[in-house]
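Asks: The following comprises the amino acid sequence and a computationally predicted model.
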Number of protein chains: 2
Amino acid sequence: MGSNKFNLESYLKERGKKVEEILEKYFPKEEGYGKRVISAGKYSLFAGGKRIRPILCLASCEVVGGDWRKILLFAAGIECIHTYSLIHDDLPCMDDDDFRRGKPSCHKAFDEATAILAGDGLQALAFQFFTHPDLVRNVKKTKLLKAIYIISKAIGFEGMVGGQMVDLLMEGKKGNPRILKWIHLNKTVRLIEASVLSGAILGGAKAKELKALSSYGKNLGFAFQIVDDLLDILGDEKKLGKKTFSDVKKQKLTYPSLFGIEKTKELAKRYTEKAISALQPFEKSALPLKAIAEFVLYRVH
Amino acid sequence: MGSNKFNLESYLKERGKKVEEILEKYFPKEEGYGKRVISAGKYSLFAGGKRIRPILCLASCEVVGGDWRKILLFAAGIECIHTYSLIHDDLPCMDDDDFRRGKPSCHKAFDEATAILAGDGLQALAFQFFTHPDLVRNVKKTKLLKAIYIISKAIGFEGMVGGQMVDLLMEGKKGNPRILKWIHLNKTVRLIEASVLSGAILGGAKAKELKALSSYGKNLGFAFQIVDDLLDILGDEKKLGKKTFSDVKKQKLTYPSLFGIEKTKELAKRYTEKAISALQPFEKSALPLKAIAEFVLYRVH
């Protein structure tokens, strides 16, 4: 990793595998009377996500000199939260999406009640991972409590949940750049930023490092969601694992709908550049974070 | 409180008020683009619950010599979890209940998507309270992490979520006492027991005290749910704030459906007696916990 020839593909694969091993190990066994909802949670959790958020958490821990192996349970918890949000977003009364990651979404493979409960269970499981004795013994308790606080704020009423609410409310309505940015900030950016920050805090980041990584996480988050908006129009259904033009049909408020495709591509590029420039203080040790930012953009350029 | 003439009514009122003050103070402001989902969460949270779970948490803290004022944010978080579970339970694809605490349930007063998100937000808010700096500075961090772990386990796949799943799966099916007890244990008892245990842990309980309080919480939880089953048949709709014979109509697996009313009353009484006898080591300081157990039973006797 001392060289500039950083192999992101094998990095993502290796780290993703570590996260999945932990998820496998700590996920409740599919047995007993409640087996159905455990299977539903597992179905969505192991539907083939890229594990970007937990990998960001681990990479941020490492970039400030922490040992990423010690916080794998924390990173795994973040993936549980992300998966819960996807399950609930896909529900008929929400975005009503029948496919996710190339497979029927949770409420299609099971049913609505099971999907809601599976999402609820995954959120609870995240916090179970965050406070698991096997993690607690590895990290400073003050830092762990701070990291959990940051995540819980990022996904609550004044974060992801609020963002999803307004995303739904704006369907078919005339929006403006201010409200669109607010939706993206809350629906997507906050959890990505919190993944980065929590990893950094657990890794022992100094205030200055946290500031730089907060800027990285925020800009990366915006780039990520803008690219997601673009992929709804420009993407390949097979690669995406979900239907394209879904936002368009639902008249979602998106960057392309407000700015057109070219201007939106330009914006995604600018956010990515800002994310990368925020990494300057870390020099070469930030190669993974830099490569992840480039990868996010690359999906549409 | 040194006397046996313990006034439970004023105790519940006073402690409930303290919990509500904290909920009011720390609940997100009803403003901004995401106002709707914040209002929905607040609507259900302030619909007039008895706050039994947070009060149990505070009382258990006190019975082991802790200062209940220091853990009010923790207790308030437990009420957020309880309210989230009620909102999701009432959804059309779950128990499909239109009334709760005498008012239209959340999805009726708002809509399904908003209700699901309000529940999700309340679960996140609970963990935000559990790790809030204003709580963290008051308590031992190791104990706080342990208390959060206990709660998160109690409400997850192998707890409340699993219990609700099986409760739904058994509708209209022939059950047996074993599966019924499993449902009650997970759907209701675990969170009540965890409320008691977390308060005790935060209050500095010794292992022996925890064991006694675990027995108290478990037996109280069973008594609570059995009485709830009975109230569906024997209760007064006005007092309950919801329709009676709702379980009967849905052919829910309940104690009265398996054992009949008289045997069920007998069982509730037995669980209450066991709960109370578990309090023996605490002598007079356990008067509030004892009175709460008697109150739970009294609702149907």
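Replies: Perfect, I can see it now.
Asks: and the lowest-mean-pLDDT helix or strand in chain A, how far out from the chain's middle?
Replies: Lowest mean confidence among the helices and strands of chain A (mean pLDDT, DSSP states H and E): helix A:237-240, at a mean of 78. Distance, stretch centre to chain centre, for helix A:237-240: 18 Å (Cα atoms, centre = their mean, to the nearest Å).
Asks: who's in contact with it?
Replies: By Cβ atoms under 8 Å, 6 or more residues apart in numbering or on different chains, the residues outside helix A:237-240 that reach it are A:102, A:231, A:243-244. In short, each C-beta sits where N, CA and C put it, glycine included.
Asks: cool, and stretch A:87-100?
Replies: Stretch A:87-100 has contacts (Cβ under 8 Å, 6+ apart) with A:44, A:47, A:86, A:104-108, A:112, A:115-116, A:118-119, A:122, A:164, A:168, A:241-243, A:246, A:250, B:111-113, B:116-117, B:120.
Asks: Put the buried members of the residues you listed into a ChimeraX selection.
Replies: What follows is the ChimeraX syntax for the buried subset of the contacts of stretch A:87-100, where burial is set by 16 or more other Cβ atoms under 10 Å in any protein chain shown:
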select /A:44,47,86,105,106,107,108,112,115,116,118,119,122,164,168,241,242,246,250 /B:112,113,116,117,120
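Asks: out of the contacts of stretch A:87-100, which are inside helices?
Replies: Residues of the contacts of stretch A:87-100 located in helices (DSSP state H): A:44, A:86, A:106-108, A:112, A:115-116, A:118-119, A:122, A:164, A:168, A:246, B:112-113, B:116-117, B:120.
Asks: In the stretch 51-200 of chain A, which residue sits closest to chain B?
Replies: Among all residues of the stretch 51-200 of chain A, A:Gly162 sits closest to chain B, at 3.0 Å; criterion: Cβ to the nearest Cβ.
Asks: what about that residue, neighbour count?
Replies: Counted with other Cβ atoms under 10 Å in any protein chain shown, the neighbours of A:Gly162 add up to 28.
Asks: Next: A:Gln123.
Replies: Counted with other Cβ under 10 Å, A:Gln123 comes out at 30.
Asks: Then A:Asp236?
Replies: Using other Cβ under 10 Å, A:Asp236 has 9 neighbouring residues.
Asks: Contact partners for the closest residue in space to it that isn't next to it in sequence?
Replies: Counting by Cβ to Cβ, 6 or more residues apart in numbering or on different chains, A:Thr244 is the residue found nearest to A:Asp236 once chain neighbours are left out, at 8.0 Å. A:Thr244 is in contact with A:231-233, A:235-237, counting by Cβ under 8 Å, 6+ apart.
Asks: Drop anything exposed from those.
Replies: A:231-233, A:235.
Asks: Does the longest helix along chain A reach chain B?
Replies: Longest helix in chain A, counting residues (DSSP H): helix A:207-234. No - counting by Cβ under 8 Å from any Cβ of the partner chain, chain B has no neighbours in helix A:207-234; the shortest distance is 15.9 Å.
Asks: Could you give the average pLDDT over that helix?
Replies: Throughout helix A:207-234, pLDDT has a mean value of 95.
Asks: re the thing from before, make a markdown table from the contacts of helix A:237-240 and add distance to A:Gln280 to it.
Replies: Converted to a markdown table, the contacts of helix A:237-240 look like this (distance: Cβ to Cβ, whole Å):
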| residue | distance to A:Gln280 |
| --- | --- |
| A:Gly102 | 38 |
| A:Leu231 | 29 |
| A:Lys243 | 40 |
| A:Thr244 | 36 |
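Asks: For A:Gly203, see how far away A:Leu210 is.
Replies: Taking Cβ to Cβ, to the nearest Å as the measure, A:Leu210 falls 10 Å from A:Gly203.
Asks: Neighbour count for these two, which is higher?
Replies: Between A:Leu210 and A:Gly203, A:Gly203 has the larger neighbour count (other Cβ under 10 Å), namely 26 against 16.
Asks: Now that one. Its backbone dihedrals?
Replies: A:Gly203 adopts backbone torsions of phi -80, psi 0, taken as degrees, to the nearest 10.
Asks: before we move on, back to that, what about the residue of the stretch 51-200 of chain A closest to chain B, which helix or strand?
Replies: Element membership of A:Gly162 [criterion: DSSP states H and E] is helix A:160-169.
Asks: Need the contact partners of that helix.
Replies: Outside helix A:160-169, the residues that touch it by Cβ under 8 Å, 6+ apart are A:85, A:88-89, A:94-95, A:154-156, A:179, A:182-188, A:190-191, A:252-253, B:32-34, B:36-38, B:113-114, B:117, B:120-121, B:124.
Asks: Export only the CA atoms of that helix, formatted as PDB.
Replies: Output in PDB follows, covering the C-alpha atoms of helix A:160-169 (Å, rounded to 0.1, in the frame of the first residue of the first chain):
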ATOM      1  CA  MET A 160     -31.900   9.300   7.500                       C
ATOM      2  CA  VAL A 161     -35.500   8.900   8.600                       C
ATOM      3  CA  GLY A 162     -36.200  12.600   8.000                       C
ATOM      4  CA  GLY A 163     -34.500  12.400   4.600                       C
ATOM      5  CA  GLN A 164     -36.600   9.400   3.500                       C
ATOM      6  CA  MET A 165     -39.800  11.200   4.700                       C
ATOM      7  CA  VAL A 166     -39.100  14.300   2.600                       C
ATOM      8  CA  ASP A 167     -38.000  12.200  -0.300                       C
ATOM      9  CA  LEU A 168     -41.500  10.600  -0.300                       C
ATOM     10  CA  LEU A 169     -43.300  13.900   0.300                       C
END
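Asks: Nice, that's everything, thank you.
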